[in-house]
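Visitor: Structure for the following, please:
(4 chains, ligands or ions: 4)
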Amino acid sequence: MNQSLAKVQNPYQPSRAKIVDIRDLTPDTRLFQVMLIDPKEREQFTYRPGQFCQISVMGTGEIPISISSSPTRPGLLEFCIRKVGRSTSSLHRLVPTDEIGIRGPYGNGFPVEYMQGKDVLIIAGGVGLAPVRSLLYYILDNRDQFNQVTLLYGARSLQDVLFPAELQTLEQHRDLNILVTLDRGDTSVWPYRVGLVTELFSEIEVAKNTVAAVCVPPVAYKFVTKELLAKKVAGEDIFMSLERKMHCGIGKCGCCAVGSKYCCQDGPVFSYWDALNLPDMI
Amino acid sequence: MKAKPRIGIYGLTSCAGDQLVLVNCEDELLTILEAVDLRSFVMAHSDNPEGELDVAFVEGAVTQESDLETLKDVRSRAQILIAIGTCAVWGGIPYLSGMGTPLSDHVQVDYAIPGCPIEKTQLLKAIASLLRGDLPLSLPHPVCLECTIRENNCLLQAGEICCGPLTAGGCNARCPSLNRACFGCRGASHDPNYVSARQILEKHGFSVNEVRQRLALFSGKAYEKEGTQVG
Amino acid sequence: MRTVVLPGSNLEEFLARLAVGHELIVPQKSGASISFAAYDPSSEVVVEYQRTLLPPKKFFLPPEEALFDFAPGEGFRQKPTSSERRILFGLHPCDIHGLRRLDQVFLEGYVDTYYQAQRDRTLIIGLSCLPDEMCFCNSMGTDLVTDHFDLFLTDLGDNYLVEIGSTEGNDLILDNEDLFAETSDILLRKYKVFLATRSNLFEQKLDTSGLSNILALEWDSSHWEETAKDCLACGRCSMTCPTCYCFTIFDEVNLDGASGSRCRRWTSCLYKNYALVAGGHNFRPSRGARLRQRIMHKHKDSVERHGISACVGCGRCQAHCAAGINFCQVLTSLRGESSESIVG
Amino acid sequence: MARIHIDHISRVEGHGALTVELDGNTVRDVKLNLFEGMRGFERVVLGRPFTEIPAIICRICAICSAGHAITAHMAVEKALGIPVPAQTELLRELAFLGMFIESHSLHVFALALPDYLGYAGIADMAQDHKEVVTKALQIKKTGNAVQELIGGRAIHHVNTTFGGFGKLPSQSEVRELRAQLANCLTDMDGIVELLAGLSTPDYAGEEILFMAIRPAGDGYGFFGDTIVFSDGREAPVDQYKTAFQETESQYSNAKRSTVDGLPFMVGALARINLFGDRLTGKAAEALAKLQIPVPSKNALYNNLAQVVELVYALERAIEICDQILAEGLKAEPLPEVIVRSGQGTVATELPRGTLYHSFSFDDNGLVTAADVITPTALNQASVEQEITNLGTSYAGQTEDELQFLFERLVRAYDPCISCSVHIVQVKAEGRHTID
Ligand SMILES: Cc1cc2nc3c(=O)[nH]c(=O)nc-3n(C[C@H](O)[C@H](O)[C@H](O)COP(=O)(O)OP(=O)(O)OC[C@H]3O[C@@H](n4cnc5c(N)ncnc54)[C@H](O)[C@@H]3O)c2cc1C
Ligand code: SF4
Ligand code: SF4
Ligand code: SF4
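Guide: Ligands and ions are numbered 1, 2, ... in the order given. Okay, the predicted model is just below:
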């Protein structure tokens, strides 16, 4: 076993990227617009909705973050990052023109080809909107390939709603059905309701030909999938974007293993069917 | 240029070992002093302007009213408060004698560097992270990780009262690497299984009392919480 | 396979010659344990040993290593890996199988270039062994090797039978021809006797038939928490396992607060924070769940993912567990529970 | 009446306050309050097995931790009759020397020298005297390196055990250490020159009464069996309880010690006064260059006495390394310990003065009584007396100047306040062990 294998590029080494713009979304979440510095790398960087990158603040560390922009709008990459710990705090201290490191894209992403010609029901909670935002724009930019599209979105309170203006524009002009619910707060403002995201199911019709895309906090998957199954969505048509501890993003460090699957490579998007097979998936 | 972080170093009731570890960073001391705005270090410096602090390092346990006053005062002035040393983190030996309590019994502690005394390498890494504006990384492993990496035979398995599996790593398994059982001087690990350790040691022929005394020596508080459910 | 004979009395000389032009690693006594360490002429090479404390994985995936350095404005600098040829002498079949398992992880899919560089520069010289009460490689089908080595030495008393596994291995023989002899029929017969004798010596047994199916069914068994009551969560079983490879990645920053290195360090799925994510959700909150992960990963998940168990039966995990957890026994009692329930 | 109060003496280890009341030109009252909190070592050691005593006791103080650890080992060995091989004694002495090198260089260069040169601390001093500070830090580091190698850790040694060590240093490690020590000794030449040029403030006073342990053998050193006072009194170490008297203090957490009501001083100056004539080589040269008056009337000279001892410690450590390199170290099996009842008292000389450890054990080797008397506690009464003398001499000065002088004098004693207040003195009854 010592014949030299073809030399490949070091998969742990990030590419250099520049922060172009940072927008405050909520008190703890910001949208980062990022550009790869190397023009060749920028050109070659393609991805699918639901894929993620390993983002580095050199000196602090590296974390997995979903790509929140859509491949249909190339050039800048967008990441929507909630401040929860060391690395995310460090990211929040950065300003435009600062440099970060990017590796990726990693993971499988949502099966957009499979979703074509079907109704798409998207369910997001909290910062889980980040990966499905990519899917939303992807669908919008290929609107005729998809049937009815609905977004059920739950946030903690009014001020925690990500992209309120964007959501409003989408709902009004783009033929999308959007329902937003808050854990607590003001219900007089359209389109907000108060309650759990699962309660929104009572307000919608789910057609036979529906594919679901879910990204909610870890504890919520069981409840959401229950509702979906009750609405007769098939197990293999429920796609969930899962969270696990990740260090390498490329299936080496072992930390994100769920049964025989690696969340970073075989996921982060899994079908409900996978979850049935792998008992500690959700 | 960013303003230098304002740092204060305080000692409550202690042996001063953790402050001394900083003074023992002979190669790095001058670099560190350049990089920070040292606002208080009574042990090493006369002119201490105090005031608002970005980071306060506090050593020692709270054993008397004046310790508590100092601690509360420092907490009210500091953005980040770091407990240094097992006395500050767990109460250490003063806790065992019923005379002292750890800092976290009284104020919020943002980060803990355990050790009796703290390890130079960990302190330097912590300072470096703080200079970046990050909280230091925490070490989630017990002494056994480093002990195994150094390929030491297991002293617990060989029948000695080794506290390695119950003790926070970071010392590079100092004692077992010198053929000496770990005393647990770095305080409890993230996930100490006192009950099992006790059963193992009793099987090796130690008395309940001996085992209790040893396991609770430096982190009595954790021992009381986790270790007293059985036996 | 081409074989030659190395008279036992020539081994010392062979090693001394190998040390010229190669970095030579041999099993040696260190304190009370045996470990793989760099050879020097005064080294006491141990040819009869059960298992080293750490497996050879430490040479390919070091316990802690810097992946690259960084500095503001300078980008990333990777330390050049030594390209010196290295020989690992004295690996037992289980450890060679262990490396095969690691190859599957690190060389398939994304190639781990650090692992690859170390692998590429290393020759493996295997060595036969006799089992102790913790070994169960014959149960795992890893008691013999037919590939993944450059040379393999089987101790047949006065002589070693040398199997040659690669051209580079062959070169080592050609370069030192004077030390070797041709294989004889007697020796081949002795080899067969050796194999038969050896396979009778195994005390530890593990019935692997249908093991991954059984494990899948025993997901909710009370055995996990029951066994985990003893577990000290020390992680020694993971560190000493030739096929455990989990690591964390973190940055170490210098006192300028800006430059530093990105590092990785071994970790263990037995550690409480292993599956803990920001916000406090732990995907494996109990010790039982964590112990189950370790066993499932070896005997079920790996079978599903790579078609082969990740356990090579070296016995290290159970030999080094201070809590006395015997993984074979745990597996056997899980099997027992399932058959009992049918009977009952 | 003027009252000068320093509520937290800086550049000393631990927490101490000083109150001086002046009435015209006379000093009315001096109170040194060592207000470090109590940590209750007495409750911890009682009922504990002898094996744990050194590890617990050394936590009394970080700076003299090695001294506490080794002295406690010696006291336990004496109590239980554990034989100590000569090689172990030699290595222990080396560890002691490491402690002296570290402690004295820390105190002289980082804590006291700023007083001589007019800085608030080493950080300020480093701006103008980078070279001295860098050299000083190297010397301090070498002291720690000695302790790391022999003790397994610079602070709170872990390698020392009864009769021996967990692991012996290798020849190459000793060789490396010797080279470092030799560099330091060379650097000390220039430093001694520099210090010889600095003046020590003078004040009027009586001859100070000193106490130290007479070094075993003919040379200088820190181990011995006889307590010696500068007025000629002597007593065997195990009769320390009658050699001087301890009384509780109303205002301090430490006890005061006197002999027939007279305060006495321990530490470097005491040793130099009593046994300085035994010094040879560069240490003797340094003593001559620094012109420390013997017999002394001025406690401020303690700083210079420490410099002499620093040179001695480096020289002696090199000598020991040479001996190890010539003779090699033998891996000796640790002596077998027979658990039994017993009592052991040992006194050693630490950087700040004499340390007494006395422990009693029952048949199971559990502690029934323990007594620890530390140098800073012994010095408390002497500090107060010398402050009185100093205050009387400088009564006309401004309050700020006086405050500076007082603080400087306290600092010259190199007090280790953690040590002084954690006096372990227990009687068997009325205490309970932890459970
Ligand atoms: C596939 C994927 C996509 C994600 N997408 C987003 C996103 O778009 N926006 C967003 O705000 N967050 C996202 N997260 C969560 C984000 O990765 C964590 O919030 C982040 O790692 C926390 O890092 P920290 O250093 O701030 O927290 P700390 O708690 O300080 O974490 C310390 C270390 O633990 C690890 N870690 C902790 N939590 C997680 C976690 N949840 N996932 C993986 N590793 C973790 C990391 O290695 C991190 O460096 C995603 C997670 C995954 C797995
Ligand atoms: S091995 Fe144990 S006693 Fe020794 S330094 Fe480490 S934590 Fe402390
Ligand atoms: S070696 Fe034993 S005690 Fe340690 S983590 Fe593994 S199973 Fe648990
Ligand atoms: S699981 Fe245990 S027996 Fe199997 S390969 Fe790992 S250490 Fe060896």
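
Visitor: D:Arg178 against D:Gln323, yeah?
Guide: No: in this structure, D:Arg178 is not within contact of D:Gln323 by C-beta atoms under 8 Å, at 10.6 Å. Every C-beta, even on glycine, is put in place using the N, C-alpha and C of the backbone.

Visitor: Between the two, tell me which one has more neighbours.
Guide: Higher neighbour count among D:Arg178 and D:Gln323: D:Arg178, with 18 against 13, using other C-beta atoms under 10 Å in any protein chain shown.

Visitor: phi, psi of that one?
Guide: Backbone geometry at D:Arg178, expressed as degrees, to the nearest 10, gives phi -60, psi -40.

Visitor: check contacts around it.
Guide: Going by C-beta atoms under 8 Å, 6 or more residues apart in numbering or on different chains, D:Arg178 touches D:318, D:321-322, D:325.

Visitor: Those residues also near chain B: which ones?
Guide: Filtering these for proximity to chain B by C-beta under 8 Å from any C-beta of the partner chain leaves nothing.

Visitor: taking the residues you listed one by one, which sit in helices?
Guide: Among the contacts of D:Arg178, the ones falling in helices (DSSP state H) are D:318, D:321-322, D:325.

Visitor: What's the ChimeraX line that selects buried ones from the residues you listed?
Guide: To isolate the buried members of the ones in helices among the contacts of D:Arg178 in ChimeraX, using 16 or more other C-beta atoms under 10 Å in any protein chain shown:
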select /D:318,321
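
Visitor: Which of the ones in helices among the contacts of D:Arg178 sits closest to C:Arg121?
Guide: D:Leu325 (38.2 Å; C-beta to C-beta).

Visitor: in the helix or strand where A:Gln168 lies, what's buried?
Guide: Following DSSP states H and E, one finds A:Gln168 within helix A:164-173. In terms of neighbour count (16+ other C-beta under 10 Å), helix A:164-173 has its buried residues at A:164, A:167, A:170-171.

Visitor: can you check stretch C:29-45 too?
Guide: Neighbour-count burial for stretch C:29-45 flags C:30, C:33-36, C:39, C:43 (criterion: 16+ other C-beta under 10 Å).

Visitor: can you give me how far it is from the chain middle?
Guide: Centroid displacement of stretch C:29-45 relative to its chain, using C-alpha atoms, centre = their mean, to the nearest Å, is 18 Å.

Visitor: is chain D contacted by it?
Guide: No: judged by C-beta under 8 Å from any C-beta, stretch C:29-45 makes no contact with chain D; its nearest approach is 9.0 Å.

Visitor: Can you report how many residues neighbour the spatially closest residue to B:Asp191 that is not a sequence neighbour?
Guide: Leaving aside its chain neighbours, B:Asp191 sits nearest to C:Lys272 (4.0 Å; criterion: C-beta to C-beta, 6 or more residues apart in numbering or on different chains). For C:Lys272, the neighbour count with other C-beta under 10 Å is 17.

Visitor: And A:Ile139, by the same measure?
Guide: By other C-beta under 10 Å, the residues close to A:Ile139 number 25.

Visitor: Relative to A:Val211, how far out is it?
Guide: 11 Å (C-beta to C-beta, to the nearest Å).

Visitor: what's the answer for A:Gly59, then?
Guide: Distance from A:Gly59 to A:Val211, counting by C-beta to C-beta: 42 Å.

Visitor: ok so, going back, and which of the buried residues of helix A:164-173 is nearest to D:Leu366?
Guide: Using C-beta to C-beta, the buried residues of helix A:164-173 come closest to D:Leu366 at A:Pro164, 70.7 Å.

Visitor: re earlier: enumerate every residue touching the residue nearest to B:Asp191.
Guide: Contact partners of C:Lys272, counting by C-beta under 8 Å, 6+ apart, are B:140, B:190-191, C:233, C:282, C:290.

Visitor: how about 10 Å then?
Guide: B:140, B:189-191, C:233, C:282, C:284-287, C:290 (C-beta atoms under 10 Å, 6 or more residues apart in numbering or on different chains).

Visitor: Now do it, the pLDDT please.
Guide: You'll see C:Lys272 listed with a pLDDT of 91.

Visitor: now swap in D:His432 and tell me
Guide: pLDDT recorded at D:His432 is 31.

Visitor: Kindly report the same for D:Val20.
Guide: 77.

Visitor: three-state assignment of it?
Guide: Classification of D:Val20 by DSSP: H, G, I helix; E, B strand; the rest coil places it in strand.

Visitor: What about it, how many residues nearby?
Guide: For D:Val20, using other C-beta under 10 Å, the count is 23.

Visitor: right, and D:Tyr413 touches D:Tyr301 too?
Guide: No: checked against C-beta atoms under 10 Å, the pair D:Tyr413 and D:Tyr301 is beyond contact range at 11.3 Å.

Visitor: Which of these two has more residues huddled nearby?
Guide: Taking neighbours as other C-beta under 10 Å, D:Tyr413 and D:Tyr301 compare with D:Tyr413 leading, 28 against 22.

Visitor: Next up, the contacts around the more buried one.
Guide: So D:Tyr413 contacts D:12, D:32, D:107, D:265-269, D:299-300, D:302-303, D:352-353, D:375-376, D:379-380, D:382-383, D:386 (C-beta under 10 Å, 6+ apart).

Visitor: quick one: it and chain C, what's the gap?
Guide: 35 Å (C-beta to the nearest C-beta, to the nearest Å).

Visitor: what about that residue, distance to chain A?
Guide: The gap separating D:Tyr413 from chain A is 45 Å, by C-beta to the nearest C-beta.

Visitor: cool, and C:Leu107?
Guide: Counting by C-beta to the nearest C-beta, the gap from C:Leu107 to chain A is 7 Å.

Visitor: if you skip the residues just before and after it, what's nearest to that residue?
Guide: In this structure, C:Leu107 finds its nearest non-sequential neighbour in C:Gln116, 6.2 Å apart by C-beta to C-beta, 6+ apart.

Visitor: Can you spell out the domain ranges of chain A, please?
Guide: Domain assignment for chain A by automatic domain parsing gives A:13-106, A:112-240, A:242-282.

Visitor: so how far is the last one off the chain centroid?
Guide: Same thing as domain A:242-282. In terms of C-alpha atoms, centre = their mean, the centre of domain A:242-282 is found 15 Å from the chain centre.

Visitor: now stretch D:102-112
Guide: Distance, centroid of stretch D:102-112 to centroid of chain: 12 Å (C-alpha atoms, centre = their mean).

Visitor: How about that stretch and chain B, touching?
Guide: Yes: under the criterion of C-beta under 10 Å from any C-beta of the partner chain, chain B is reached by stretch D:102-112 at D:102-103, D:105-106, D:110-111.

Visitor: Return the closest of those residues with respect to C:Leu130.
Guide: Once C-beta to C-beta is applied, the member of these that ends up nearest C:Leu130 is D:Glu102, at 52.1 Å.

Visitor: The closest one is in contact with D:Ala136, isn't it?
Guide: No: contact criterion C-beta under 10 Å: D:Glu102 and D:Ala136 do not qualify, at 11.3 Å.

Visitor: that older thread, the residue nearest to C:Leu107 reaches C:Asp103, doesn't it?
Guide: Yes: with contact defined as C-beta under 10 Å, C:Gln116 reaches C:Asp103; the gap is 9.3 Å.

Visitor: Residues that sit against both of these two, list them.
Guide: In contact with both C:Gln116 and C:Asp103: C:Phe60, using C-beta under 10 Å, 6+ apart.

Visitor: about what we covered before: export the residues of stretch D:102-112 next to chain B to TSV and tack on neighbour count?
Guide: Output for those, formatted as TSV (neighbours: other C-beta atoms under 10 Å in any protein chain shown):
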residue	neighbour count
D:Glu102	30
D:Ser103	28
D:Ser105	29
D:Leu106	27
D:Ala110	24
D:Leu111	24
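
Visitor: one step back: which residues are in contact with both of D:Glu102 and D:Ala136?
Guide: Residues touching both D:Glu102 and D:Ala136 (C-beta under 10 Å, 6+ apart) are B:Glu26.
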